[in-house]
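# need a 3D model of the sequence below.
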Amino acid sequence: MKEVKVALLNSEGRGFVIPLGPVNLVGVAASKGLVGCGAIDVAALEKFGYPAARVRPSVGSSVSTIADLLAGVVKEANEGAKRLGVTVGMTGKDALDLLS
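Residues are numbered from 1 along each chain as shown. Here you go, the predicted model:
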């Protein structure tokens, strides 16, 4: 697992990349929630009251790096993330800034 610090608008996020065979599990945890790749289950995290969104790649076929995640486009957000201003169509970085 690779963990990196990610500078956000109001805090610092913790990014992670976990290799899983031919794909990577990629996400950034901010102070108020998480933005992750398509493998992240935002509905399950909603059950725990945890704001979360997942992104699709803006270029290419998958999100495999933190840079891909930040440039990605939000395709789904749970209610907790929506209450904090996260909307479908914004970038992963913009969503993380709202969750920071």
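
# show me what contacts Pro51?
The contact partners of Pro51, by CB atoms under 8 Å, 6 or more residues apart in numbering, come to Lys32, Gly33, Leu34, Leu45, Ala77, Asn78, Gly80, Ala81, Arg83, Leu84, Val86, Leu99. Placement of C-beta: from N, CA and C, glycine included.

# if I read this right, the second one contacts Lys82, doesn't it?
No. With contact defined as CB atoms under 8 Å, Gly33 does not reach Lys82; the gap is 10.7 Å.

# who's more crowded, the two?
Comparing Gly33 with Lys82 by other CB atoms under 10 Å, the one with more neighbours is Gly33, at 25 against 13.

# do you know the pLDDT at the nearest residue to Leu9 once chain neighbours are set aside?
Computed as CB to CB, 6 or more residues apart in numbering, the closest residue to Leu9 that is not its neighbour in sequence is Asp97, at 3.8 Å. Among the per-residue scores, Asp97 holds a pLDDT of 98.

# cool, Thr91 as well?
pLDDT, the model's per-residue confidence, is 98 for Thr91.

# wait, what's in contact with it?
Shown here is Thr91, whose contacts under the criterion CB under 8 Å, 6+ apart are Val55, Ser58, Leu70, Ala71, Gly72, Val73, Val74.

# other SSEs contacting the longest helix seen in the chain?
Here the longest helix in the chain is taken by residue count, with DSSP state H as the criterion, and it is helix 92-99. Under the contact criterion of 3 or more CB pairs under 8 Å, 6 or more residues apart in numbering; DSSP states H and E, the helices and strands touching helix 92-99 comprise strand 34-36, strand 52-56, helix 66-71, strand 73-77, helix 79-83.
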